[in-house]
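**Q** what follows is a predicted structure for the sequence shown.
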Amino acid sequence: APAPPPARHLFSEPAEVEALRGNLLAWYDQCKRDLPWRALAATESDADRRGYAVWVSEIMLQQTQVATVIDYYNRWMQKWPTLQALAQASLEEVNELWAGLGYYSRGKRLQEAARKVVSELAGRMPRTAEDLEKLLPGVGRYTAGAIASIAYGQATGVVDGNVIRVLCRLRCIGADSSSPAVIDCLWDMANALVDRSRPGDFNQALMELGATVCVPKAPLCGECPVKQHCRARRRKLFGKPPTVPDVEDCGVGDCPLCPPATELWDSSLGVTNFPRKAAKKPPRVMRTATCVLERRGCHGAPEFLIVQRPSSGLLAGLWEFPSLPLAQGLQEERAREELADQLQAWMGRPVAAKGLRFMGEVIHIFSHIHQTYVVYSLPLDGDVVLDPALSPSRWVTEDEFRASAVSTAMKKV
Ligand code: SF4
């Protein structure tokens with residue numbers, strides 16, 4: 001078994017834990033942001049509806065800013081106010097509403113899980129973090145803890161990016177914050193710290209602190225309600241006392257929670273020495289040729305052809321202009337020919353490569369992919385019949401295109 005983390009990185013004094021809980025909750029009561037899912041979780045008497053509301057908000061908030069999520073959340077809850085309503089929605093409707101939020105598989109899995117609750121769990125949400133994680137697809141440890149504590153009052157902690165930052169600073173944890181030793185320690189710490197009588201508020205307070213005060217680049221330490229418990233701040237203000245053992249003395253090189261011996265404290269960074277992240281892998285570079293096929297619709301308005309992507313993988317089930325991923329280093333002329341061949345197979349009639357008009361390039365950054373779309377256009381005369389054995393396709397006007405389940409990248413195109 002791995003050695004337990006050095007006590008210097010933990011909260012070992014019960015009085016300190018009590019004080020931290022009290023200070024944090026008092027600050028939260030005064031300063032918390034008004035957010036629609038908080039209002040619902042605080043006033044809704046139906047436990048399943050509370051759980052559903054927290055669940056939707058937490059899934060939307062993964063990798064996405066609060067300000068962006070509010071509008072999506074309100075529209076979602078208006079359209080599907082209950083799990084039962086969501087279970088009856090089509091994937092197409094879910095994708096349409098989700099379009100623009102990114103990470104599209106989250107919406108899809110949310111709906112799959114809602115169907116499971118309705119069909120297999122008699123419409124009743126699991127009530128504990130353990131059951132939520134075990135029974136609901138797409139619900140991981142964090143989301144399960146958030147739903148269980150906020151909606152059902154279970155005294156269980158949560159660890160997300162904000163909590164990682166706050167706890168690493170509070171306890172000077174400088175080892176790679178994605179390492180198993182650090183993650184395990186942070187979960188143990190979050191579970192030990194969570195307030196027993198107000199677990200949901202405590203967890204939200206810790207996350208709120210990370211989102212508004214203990215922010216990544218320029219934390220507002222002077223306004224921080226837990227500054228007297230913060231070892232990173234103490235370290236910044238007073239430096240390392242030469243004679244008194246401090247947290248950074250945990251046997252350099254041995255401690256699984258200290259910064260690596262090669263990375264000394266950088267006084268210009270202050271508290272932002274913590275947390276430390278492993279170097280990110282560079283994003284994959286991809287190029288895709290895409291063609292905007294245009295025809296005159298029956299009322300003379302232009303219409304555009306969109307096709308549906310496969311039901312798994314990146315942007316699963318979303319609609320796009322006919323597109324073709326390009327091999328690395330492919331010359332422009334060759335790329336154009338390959339796209340023409342693809343369109344020809346689709347339409348069952350000759351498409352001359354030189355008929356494709358180059359419109360420009362559009363760059364879109366997905367979390368792990370640096371994507372360049374090489375955009376062409378091709379006006380068509382008369383009707384075009386597409387091979388139904390290939391991807392589903394349809395003609396849409398510009399307004400219909402905008403209301404369809406298309407990605408932000410395609411809207412840019
Ligand atoms: Fe974060 Fe500063 Fe508060 Fe410490 S004192 S928890 S570094 S905001």
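**A** In hand now; what should we look at? Residues are numbered from 1 along each chain as shown.
**Q** quick check: P256 touching V182?
**A** Yes. P256 lies in contact with V182 (Cβ atoms under 8 Å); the separation is 7.4 Å. Every residue, glycine included, has its C-beta placed from N, CA and C.
**Q** R75: how many residues sit nearby?
**A** As a burial measure, R75 scores 11 neighbours (other Cβ atoms under 10 Å).
**Q** buried ones in the helix or strand containing it?
**A** Under the criterion of DSSP states H and E, R75 resides in helix 66-79. By 16 or more other Cβ atoms under 10 Å, the buried positions in helix 66-79 come out as V69, Y72, Y73, W76, M77.
**Q** any low-confidence regions in the stretch 301-413 of the chain?
**A** 382-383 (pLDDT under 70).
**Q** for the ligand, what's the nearest residue on it?
**A** S367 (25.9 Å; Cβ to the nearest ligand atom).
**Q** run through the residues that contact that residue.
**A** Q63, G102, Y103, P283 (Cβ atoms under 8 Å, 6 or more residues apart in numbering).
**Q** likewise for M60?
**A** V69, Y72, Y73, W76, L101, R106.
**Q** name the residues that touch the helix or strand just after the helix holding R75?
**A** Note on helix 66-79: by DSSP H and E, the next helix or strand toward the C-terminus is helix 83-88. Contact partners of helix 83-88, identified using Cβ under 8 Å, 6+ apart, comprise 48, 52, 79-80, 94, 110-111, 114-115, 117-119, 123, 125.
**Q** show me those that map onto helices.
**A** D48, Y52, K79, V94, L110, Q111, A114, R115, V117, V118, S119 (DSSP state H).
**Q** what about the fourth one, how many residues nearby?
**A** This points to V94. The burial count for V94: 24, using other Cβ under 10 Å.
**Q** related to what we said a few turns ago, between P256 and V182, tell me which one has more neighbours.
**A** V182 (23 against 20).
**Q** ok, the residue lying closest to the more buried one once chain neighbours are set aside - contacts?
**A** Excluding its sequence neighbours, the residue lying closest to V182 (Cβ to Cβ, 6 or more residues apart in numbering) is A175, at 5.2 Å. Residues counted as contacts of A175 (Cβ under 8 Å, 6+ apart) are A181, V182, C255, P256, L257, C258, P259, P260, R276.
**Q** buried ones among the residues you listed?
**A** Using 16+ other Cβ under 10 Å as the threshold, A181, V182, C255, P256, L257, C258, P259, R276 are the buried ones among the contacts of A175.
**Q** how much space between the last one and R165?
**A** Okay, so that is R276. 11 Å (Cβ to Cβ, to the nearest Å).
**Q** and the second one, by the same measure?
**A** Taking Cβ to Cβ as the criterion, V182 is separated from R165 by 12 Å.
**Q** mutual contacts of these two, please.
**A** P275.
**Q** show me which residues of the stretch 101-250 of the chain sit near the ligand.
**A** Residues of the stretch 101-250 of the chain lying close to the ligand (Cβ under 6 Å from any ligand atom) are 166, 169-170, 213-214, 219, 221, 224, 226-227, 230, 232-233.
**Q** narrow the residues you listed to those in helices?
**A** V166, R169, L170, A232, R233.
**Q** neighbour count and pLDDT added to the residues you listed, as TSV?
**A** Below are those laid out as TSV (neighbours: other Cβ atoms under 10 Å; pLDDT from 0 to 100):
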residue	neighbour count	pLDDT
V166	28	98
R169	28	96
L170	26	96
A232	26	94
R233	22	95
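**Q** same list (those residues) but as a markdown table, adding distance to E361.
**A** Output for those, formatted as a markdown table (distance: Cβ to Cβ, whole Å):
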| residue | distance to E361 |
| --- | --- |
| V166 | 41 |
| R169 | 42 |
| L170 | 46 |
| A232 | 44 |
| R233 | 47 |
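**Q** tell me the one among the residues you listed nearest to Q342.
**A** Checking those against Q342 with Cβ to Cβ, the nearest one is V166 at 50.2 Å.
**Q** quick one: residues contacting the closest one.
**A** L206, L209, G210, C214.
**Q** tell me which residues of the helix or strand hosting L132 are tucked away?
**A** Assessed by DSSP H and E, L132 sits inside helix 129-135. Buried residues in helix 129-135, defined by neighbour count with 16+ other Cβ under 10 Å: A129, L132, E133, L135.
**Q** now swap in stretch 260-274 and tell me
**A** The neighbour-count check on stretch 260-274 (16+ other Cβ under 10 Å) flags W265, G270, V271, T272, N273, F274 as buried.
**Q** how about stretch 291-302?
**A** Counting neighbours by 16+ other Cβ under 10 Å, stretch 291-302 gives C291, V292, L293, R295 as buried.
**Q** list the contacts of that stretch.
**A** So stretch 291-302 is contacted by 303-305, 321-323, 339, 343, 356, 359, 375-384, 395, 397-398, 413 (Cβ under 8 Å, 6+ apart).
**Q** just the CA atoms of it, as PDB, please.
**A** Extracted in PDB, the C-alpha atoms of stretch 291-302 (Å, rounded to 0.1, in the frame of the first residue of the first chain):
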ATOM      1  CA  CYS A 291     -17.800  21.700 -49.800                       C
ATOM      2  CA  VAL A 292     -20.800  24.100 -49.600                       C
ATOM      3  CA  LEU A 293     -23.200  22.700 -52.300                       C
ATOM      4  CA  GLU A 294     -25.800  25.300 -53.200                       C
ATOM      5  CA  ARG A 295     -28.900  25.100 -55.300                       C
ATOM      6  CA  ARG A 296     -32.000  27.300 -55.800                       C
ATOM      7  CA  GLY A 297     -34.900  26.000 -53.700                       C
ATOM      8  CA  CYS A 298     -38.500  25.900 -54.900                       C
ATOM      9  CA  HIS A 299     -39.100  29.500 -53.900                       C
ATOM     10  CA  GLY A 300     -35.800  30.700 -55.400                       C
ATOM     11  CA  ALA A 301     -34.000  31.000 -52.100                       C
ATOM     12  CA  PRO A 302     -30.600  29.300 -51.900                       C
END
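**Q** since that was my last question, I'll sign off now.
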